[in-house]
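Engineer: Got a sequence here, can you build the structure:
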Amino acid sequence: MNNKVWWGIGIVAAVILLGVFWYIGTYNSLIRMNEEVNNKWAQVETQYQRRVDLIPNLVNTVKGVAGFEKSTLEDITRLRSQWQTAPDVNAKVETANQIESAISKLLVVAENYPQLTATKNFQALQDELANTENKVAVERGRFNDAVRDFNARIKTFPSSIVAKKLGYADRPYFQSKAGAENAPQVTF
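Structural biologist: Numbers count the residues shown, from 1 in each chain. A predicted model of the protein is given here:
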């Protein structure tokens, strides 16, 4: 064979080799990004669990005050159990939103009980809940950032070819429920 044939074979082999390396690199990158989204969601769940774990202490502290709204405490306890048994991510997010609303209502109602808000236990729990809510917000933001990066990657060409073969589809962003921007209304 002459040199032109060898050059042609070399060029074809190089193109094929580059294609293989590109595919492997893209495949590995998409797997890492998908795992990053999963990790970020796990961090959100960790903060939700932290919030749920604080609820029994909050309820027990509040129970000590005579006349405190029993239905509010029952709702929070029920939602805590519901969150722990939620079958999937969407159910957990929905229940977490309801817990957030119930805790906000509890804290607003508690303001009408000076003997409760004056206790050190209640103040400590209120501070811990505020800290946890901040952590939840941070982790939700990080989750949404990871989802944005992943979704952009699986939609752009040529990565979309590999993503389709892996069966990847858009991951949903965390979105708060409608009306979450409004403070809870508490009437007596």
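Engineer: Disregarding flanking residues, what is the spatial nearest neighbour of Arg142?
Structural biologist: Lys40 (5.2 Å; Cβ to Cβ, 6 or more residues apart in numbering). No exception for glycine: its C-beta is placed from N, CA and C like everyone else's.
Engineer: Surely the one you found is in contact with Val138?
Structural biologist: No. Using Cβ atoms under 8 Å, Lys40 is not in contact with Val138, being 10.8 Å away.
Engineer: With neighbour numbers in mind, choose between the two.
Structural biologist: Applying other Cβ atoms under 10 Å to Lys40 and Val138 shows that Lys40 carries more neighbours, namely 22 against 13.
Engineer: Please list all residues in contact with the residue nearest the centre of the chain.
Structural biologist: The geometric centre of the chain, computed from its C-alpha atoms, lies nearest to Val44 (Cα atoms, centre = their mean), at 3.9 Å. Applying Cβ atoms under 8 Å, 6 or more residues apart in numbering, we find Val44 in contact with Val136, Glu139, Arg140, Phe143, Phe174.
Engineer: Secondary structure element holding the second one?
Structural biologist: Spelled out, it's Glu139. Counting by DSSP states H and E, the element that carries Glu139 is helix 120-155.
Engineer: Now do the helix or strand in which Ala42 is found and helix 120-155, the angle between them.
Structural biologist: Using DSSP H and E, Ala42 maps to helix 3-63. Here helix 3-63 points in a direction 160 degrees away from that of helix 120-155 (axes from the mean of the first three to the mean of the last three Cα atoms, to 10 degrees).
Engineer: Heading C-terminal from helix 3-63, find the next helix or strand.
Structural biologist: Next along from helix 3-63, by DSSP H and E: helix 70-84.
Engineer: looking at the chain, which helix or strand is least sure?
Structural biologist: None of the helices or strands of the chain scores lower by mean pLDDT, DSSP states H and E than helix 114-117, at a mean of 72.
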